[in-house]
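Participant: Mind folding the following:
(2 chains)
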2 protein chains.
Amino acid sequence: MGLLNALDLDAKIEKSDYQAEMEKLEIKMGQLQRKAWERNVPITIVFEGWGASGKGRLINELLQVLDPRGVKVYSTQAPNEEELRRPFMWRFWTKIPERGRVAIYNRSWYSRFIVEKMDPIMSQLPSDKAYQEVNGFERQLVDDGHVVIKFFLHISRKEQKKRFKALEKNPMTAWRVTPYDWKKNKQYESYRDVIEEMLARTDSDCAPWHLVPAQSWRFAVVSVFETVIEVVEKQLLALTKKTRARAVALPSISHSMLETSDLSKALTRKRYDHLRRVYQKRLWELEHDVYRRRQAVVIVYEGWDAAGKGGNIKRLVRRMDPRGYEVIPIAAPNDIELAHHYLWRFWLKMPKAGHFAIFDRSWYGRVLVERVEGFATQQEWQRAYREINEMEELLANNGTLLFKFWIDIDKEEQLRRFRDREKVASKQWKITDEDWRNREKWDQYRDAIDEMLYRTHTPYAPWTIVESNCKLHARIKTMKTVVRTLEKHLIKSP
Amino acid sequence: MGLLNALDLDAKIEKSDYQAEMEKLEIKMGQLQRKAWERNVPITIVFEGWGASGKGRLINELLQVLDPRGVKVYSTQAPNEEELRRPFMWRFWTKIPERGRVAIYNRSWYSRFIVEKMDPIMSQLPSDKAYQEVNGFERQLVDDGHVVIKFFLHISRKEQKKRFKALEKNPMTAWRVTPYDWKKNKQYESYRDVIEEMLARTDSDCAPWHLVPAQSWRFAVVSVFETVIEVVEKQLLALTKKTRARAVALPSISHSMLETSDLSKALTRKRYDHLRRVYQKRLWELEHDVYRRRQAVVIVYEGWDAAGKGGNIKRLVRRMDPRGYEVIPIAAPNDIELAHHYLWRFWLKMPKAGHFAIFDRSWYGRVLVERVEGFATQQEWQRAYREINEMEELLANNGTLLFKFWIDIDKEEQLRRFRDREKVASKQWKITDEDWRNREKWDQYRDAIDEMLYRTHTPYAPWTIVESNCKLHARIKTMKTVVRTLEKHLIKSP
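Facilitator: The predicted structure follows:
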């Protein structure tokens, strides 16, 4: 006995009651949207349901009373070329609403569970992992202050049949009912089993399902309006109460990866010149293979100021074809980026299959500069380790190869380089007061780095410490790491 | 005798001269990029040229010395699904660089002239119109302060053959040379004719071509570096001289469209209710047809404050399927938008074939609020009439159907509505001090509106005045206009 069976599909509302009720609900809804906007609460509303259960019409009903400046509607269809070359959740992560805004989804990330189950060709991931991705996505949004409201519109097989026939009668809309739709109507019972499983496995505390009997239009509209109002009001109330966000309990750190870094490693110029040429040529060749085999590659560079990240990246890409890679320098977020979940701007930059994305600084800013400078609250940066691991695991599960380099120097070497930059005219633009200020916080950064390395060194996305007191050694080490790993990985791939 | 024949393909530079020269050029290039960034000068660099002429390698050479935070590289390939459903120039308009940034194109909008000529299936537009779109695009960028540098890399047929063979020899890169490439090598002479025509027709004063003999790698690198430095330096110098931007000479206005607006037009509630139902149902049907026939539709709403734009739009979409339309409310531009050409943010929102985009306010803000409030200079808003007409003609030429509604009320009616808003609790949020301030400038706005209607009322994108003292009349008029025009248009279409 599933959740859907418990619904009373005959639920109805009289026309006179409906009009009186809706008048109140519409005014209330408009007010609430404005309040949520003022309070910076983002709202995600998901409409799932049987074909012809009225998703589109219900969304339009909401749109009639919402201020369109604050609302975006997304219709989820079969993925397009761009989307097919990225992880399934990419197109949803890149479309989360800004703070204060509303995003409404006509079908959503849930389509995967139904389509993949019933149409095994589409299946890419074991379903446990797919559920984990979806539940993690919703939890991360809610942790960030989002309201996530999920509707499933339920109608009977008979009712669906009736609605398909009505559409077929009008010559302007007949084409909308496809043989595929009729097939689904015939397999209604099998679909119901799949849907029940999906509802049960994703009915979380932070984003529960709201099942709506949708045979009666009036009943469905009132249910949806009432639910949205109730959930958003609750969230606004919670904000005024300043409820403490759930504390994050993290295990303590048992070792320091930085301590194992042997900064005496060095290379002669002659040996460097030889190896550089060998690896650069090999990278150029491998880039072609990566493209041909549709491999996505992410390379993250983090490191101390003046550790040589920029120069290292330049040597890495020296002979690569610019069509195959992009270097993505990460600076302080702009207003639009700040108005989103902090991972949003990185999702936008994730490479498609066949391409390299090289991040010069990255999402690790959350647990480095944002932690040390206090731009993120303690609760936020502590939560971030898990959020980052989840994102990287999602990427890895969906076929992306990840490299994470910590470009390491010691405090004395940094001083030497800062002084050098001040002396040489063509390098002066590279050194600012901020660099000197950061340097004063060396120890705080060191703690943050150690904790970051410890908590995010995972089997699917391990860190590589790149000893960079000698830049030549550092450059060869990153090149060699990428070359060797790619060679192994591409041989394993079909 | 074409431009390419005049090039000396044997041009060379000695290795020792090259190294000394490049050291200077690289430092210079880095400095210039930083200066251009500080001075907010956007730079567009286009690389066109024969297959295997070294475009990618040359771009990489530039990337070695440019600060990656300021540079984006775009590789133009066959259009993807999203791009195919929009005008050809859409993907370039949406990718123009921000002020101070550099955009480098590995092939560009010029691919259309070569591919379309040699592969007639791709051809969509008469070439006169295509050249007009490209020249207009570049002129608009330059007028907005951009530097546009276009390179064509020239090699002989024999040299190309040699390079293809070298690529084929390496098993990692052999797949890159396709039968299509060899076919192009065989048809080298025919391609040359097409290229010569393209060069001649797009070699404008504001964005001239730079032809580069690219048989010798060293010579090509030095040429490209020298040219970029020269052109950017010239632009920076021009800025310090505060050269007056070219004045815009506009013909005077010979009549007022606003004067013809008969604001006494009205409708009874009963008649309205009947007509509304008829047209809303018809719109729902036509929306399906628009989708099926891949028709793109743009509807622009402009009008006085409190003229009833929002309410009018809501009635228009009342029964439409939200998957088929998007309402795009336009507010003051954000920082990212301000850092681009003012049309950029509208290009981002242009609908794909099969969809409606409904703009609640639009690009006409440039010649209305930005003109009256002084956010745009006189030169900028005067130039905007042509820029807007060019954009709308481009959309129309590429199959988009445009509606432009001026929602009209008189000054007394506005006062009544402002007062009403102040009285009713649920409407108070709609009236602000700014509305009252704008009202004081009624006459200035009236002049701006009259000039806008006069200068942008074109055969491909005409204005419709919607008399809105009676909102019921106004709502029926917009619905009826859309329905009747769509009916006519869709019958004409194949």
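Participant: Could I get the full set of strands for chain A?
Facilitator: Under the criterion DSSP state E, chain A contains strands at A:43-49, A:71-75, A:102-106, A:147-154, A:209-213, A:296-303, A:325-329, A:356-360, A:400-408, A:463-467.
Participant: Just send these back as TSV, with mean pLDDT, mean neighbour count and distance to residue B:23 too.
Facilitator: C-betas here are computed from N, CA, C, even on glycine. Below are the strands of chain A laid out as TSV (pLDDT from 0 to 100; neighbours: other CB atoms under 10 Å in any protein chain shown; distance: least, CB to CB, whole Å):
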stretch	mean pLDDT	mean neighbour count	distance to residue B:23
strand A:43-49	98	25	55
strand A:71-75	94	19	51
strand A:102-106	97	24	52
strand A:147-154	98	22	57
strand A:209-213	97	20	65
strand A:296-303	98	24	26
strand A:325-329	95	21	23
strand A:356-360	98	23	25
strand A:400-408	98	22	26
strand A:463-467	98	19	28
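Participant: Dump those into CSV; add distance to chain B as well.
Facilitator: CSV is the format used below for the strands of chain A (distance: least, CB to the nearest CB, whole Å):
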stretch, distance to chain B
strand A:43-49, 10
strand A:71-75, 4
strand A:102-106, 6
strand A:147-154, 14
strand A:209-213, 17
strand A:296-303, 11
strand A:325-329, 4
strand A:356-360, 7
strand A:400-408, 16
strand A:463-467, 19
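Participant: I'd like those strands laid out as a markdown table, including distance to residue A:373.
Facilitator: Converted to a markdown table, those look like this (distance: least, CB to CB, whole Å):
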| stretch | distance to residue A:373 |
| --- | --- |
| strand A:43-49 | 30 |
| strand A:71-75 | 32 |
| strand A:102-106 | 31 |
| strand A:147-154 | 29 |
| strand A:209-213 | 40 |
| strand A:296-303 | 16 |
| strand A:325-329 | 19 |
| strand A:356-360 | 19 |
| strand A:400-408 | 19 |
| strand A:463-467 | 22 |
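Participant: The ones you listed: which one's closest to residue B:419?
Facilitator: Minimum separation from residue B:419 across these (CB to CB) falls at strand A:71-75, 28.8 Å.
Participant: Packing partners of the closest one?
Facilitator: helix A:55-65, strand A:102-106 (3 or more CB pairs under 8 Å, 6 or more residues apart in numbering or on different chains; DSSP states H and E).
Participant: Partner strands of that strand and their direction?
Facilitator: strand A:102-106 (parallel) (DSSP bridges).
Participant: can you give me the angle the strand it pairs with makes with helix A:55-65?
Facilitator: 160 degrees (axes from the mean of the first three to the mean of the last three CA atoms, to 10 degrees).
Participant: Tell me what angle strand A:102-106 forms with strand A:43-49.
Facilitator: 10 degrees.
Participant: And the contacts of strand A:102-106?
Facilitator: A:33, A:36, A:42-47, A:55-56, A:59, A:62-63, A:66, A:70-76, A:95-97, B:322-323 (CB atoms under 8 Å, 6 or more residues apart in numbering or on different chains).
Participant: returning to what we had before: switch the helices and strands packed on strand A:71-75 over to TSV; also include distance to residue A:257.
Facilitator: Below are the helices and strands packed on strand A:71-75 laid out as TSV (distance: least, CB to CB, whole Å):
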stretch	distance to residue A:257
helix A:55-65	50
strand A:102-106	39
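Participant: nearest residue to residue A:452 other than its sequence neighbours?
Facilitator: Spatially, and ignoring its direct neighbours in sequence, residue A:452 is nearest to residue A:367 (4.9 Å; CB to CB, 6 or more residues apart in numbering or on different chains).
Participant: State the distance from the one you found to chain B.
Facilitator: 22 Å (CB to the nearest CB, to the nearest Å).
Participant: before we move on, what about residue A:31?
Facilitator: Distance, residue A:31 to chain B, using CB to the nearest CB: 7 Å.
Participant: neighbours of that residue, just the number please.
Facilitator: 14 (other CB atoms under 10 Å in any protein chain shown).
Participant: so it touches residue B:426, yeah?
Facilitator: Yes: at 7.5 Å, residue A:31 counts as touching residue B:426 under the criterion of CB atoms under 8 Å.
Participant: Could you measure from residue A:337 over to chain B?
Facilitator: Taking CB to the nearest CB, one finds residue A:337 at 9 Å from chain B.
Participant: how about the helices in the stretch 51-200 of chain A?
Facilitator: A:55-65, A:81-84, A:90-93, A:111-118, A:127-143, A:157-169, A:179-186, A:188-201 (DSSP state H, counting those that start in this stretch).
Participant: any bit of the first one sitting next to chain B?
Facilitator: Okay, so that is helix A:55-65. Yes: Helix A:55-65 is in contact with chain B by CB under 8 Å from any CB of the partner chain, via A:56, A:59, A:60, A:63, A:64.
Participant: Also the fourth one?
Facilitator: No: contact between helix A:111-118 and chain B is absent, the nearest approach being 13.7 Å (criterion: CB under 8 Å from any CB).
Participant: quick one: average confidence on that helix?
Facilitator: The average pLDDT within helix A:111-118 is 78.
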